[in-house]
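Undergrad: please find the sequence and the predicted model below.
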Amino acid sequence: MHQNHTITVPRTAHYSTIGAAGAHTRYFWIVCHGYGQLAQNFIRPFQAIAAEDTFILAPEGLSRFYWGGFTGEPAASWMTREGRLHEIADYSNYLTTLYDLFLGSMPADVRIILLGFSQGCATQMRWAMRTFPSFHHLIFWAGSIPEDLDYRPRLGYFSDKALHFVYGDQDQFITPERVAQQRELIRASGLQLQEHTFEGKHTVEEEPLRRIAGLIRGEI
């Protein structure tokens with residue numbers, strides 16, 4: 001009978017950026033793509049909020065594959081149900097490494113914004129619930145929080161943070177039923193979530209992104 005094993009090895013990870021991190025940075029965005037995307041493509045709409053005082057970091061999922069078969073374009077994923085706990089641990093360590101790498105060069109009062117799109121929503125929340133990084137805003141764009149996590153013991157951690165749920169009114173995945181489920185899950189978890197809708201589908205659109213960034217800038 002065969003046996004399965006695991007081993008931890010060094011590996012190369014990919015990420016894309018807009019802007020530069022430094023003493024001038026006031027806004028630090030960490031944006032996680034959805035299933036079947038690459039960071040270099042996902043980050044493009046974020047050029048709409050590029051500014052001298054803004055640094056945008058787009059990590060890429062550690063698992064690459066061909067979208068649509070061997071002749072498809074390369075794409076990436078954050079995790080699957082196979083070996084999921086190891087994949088969650090791996091990408092959490094990866095995100096923490098990137099977070100620490102750049103945060104040290106920024107001012108202590110930099111505003112930190114975490115954004116996840118689709119599959120990236122669960123990625124951001126699982127990372128937050130695993131390592132509890134400091135941040136100010138967490139944006140779930142066209143995705144939902146994981147249902148298998150217990151948030152109530154950690155409500156103190158989220159009490160001084162703003163959580164946002166953003167989705168398009170023509171999103172084929174975020175149906176009214178899914179929105180209702182998300183609201184109920186948030187309510188039952190004791191979290192507070194601000195909803196933002198826009199005219200569009202299952203994508204990150206530049207105009208609503210500008211609006212969210214404007215709301216965040218208006219805090220200071």
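TA: That came through, no problem. Residues are numbered from 1 along each chain as shown.

Undergrad: ok, the closest residue in space to residue 146 that isn't next to it in sequence - contacts?
TA: Counting by Cβ to Cβ, 6 or more residues apart in numbering, residue 146 lies nearest to residue 122, which is 4.8 Å off, once chain neighbours are set aside. Where you see a C-beta, it was placed from the backbone N, CA and C, and this is true even at glycine. Contact analysis of residue 122 by Cβ atoms under 8 Å, 6 or more residues apart in numbering lists 78, 116, 143, 144, 145, 146.

Undergrad: how close does the fifth one get to residue 102?
TA: Shown here: residue 145 relative to residue 102, a distance of 25 Å by Cβ to Cβ, to the nearest Å.

Undergrad: same check on the second one?
TA: Using Cβ to Cβ, we find residue 116 at a distance of 18 Å from residue 102.

Undergrad: need the residues that contact stretch 152-165.
TA: 129, 132, 135-140, 151, 182, 186, 189-196, 212.

Undergrad: from the residues you listed, which land in strands?
TA: Among these, the members falling in strands (DSSP state E) are 137, 138, 139, 140, 194, 195, 196.

Undergrad: can you name the residues bridging to the third one?
TA: What that stands for is residue 139. Beta-bridge partners for residue 139, by DSSP bridges, are residue 115, residue 164.

Undergrad: try the fifth one
TA: The bridge-partner assignment for residue 194, based on DSSP bridges, gives residue 164.

Undergrad: I'd like to know how far the residue nearest in space to the middle of the chain sits from residue 35.
TA: For the chain, residue 116 is the residue whose C-alpha lies nearest the centre (Cα atoms, centre = their mean; 2.5 Å). Distance from residue 116 to residue 35, counting by Cβ to Cβ: 11 Å.

Undergrad: ok, and what's touching the longest helix belonging to the chain?
TA: Ordering each helix of the chain by length in residues (DSSP state H) puts helix 84-103 first. The contact list for helix 84-103, computed with Cβ under 8 Å, 6+ apart, reads 6, 13, 15, 21, 28, 30, 32, 55, 57, 59, 61-63, 78-80, 110, 112, 123, 126-127, 130-131, 133.
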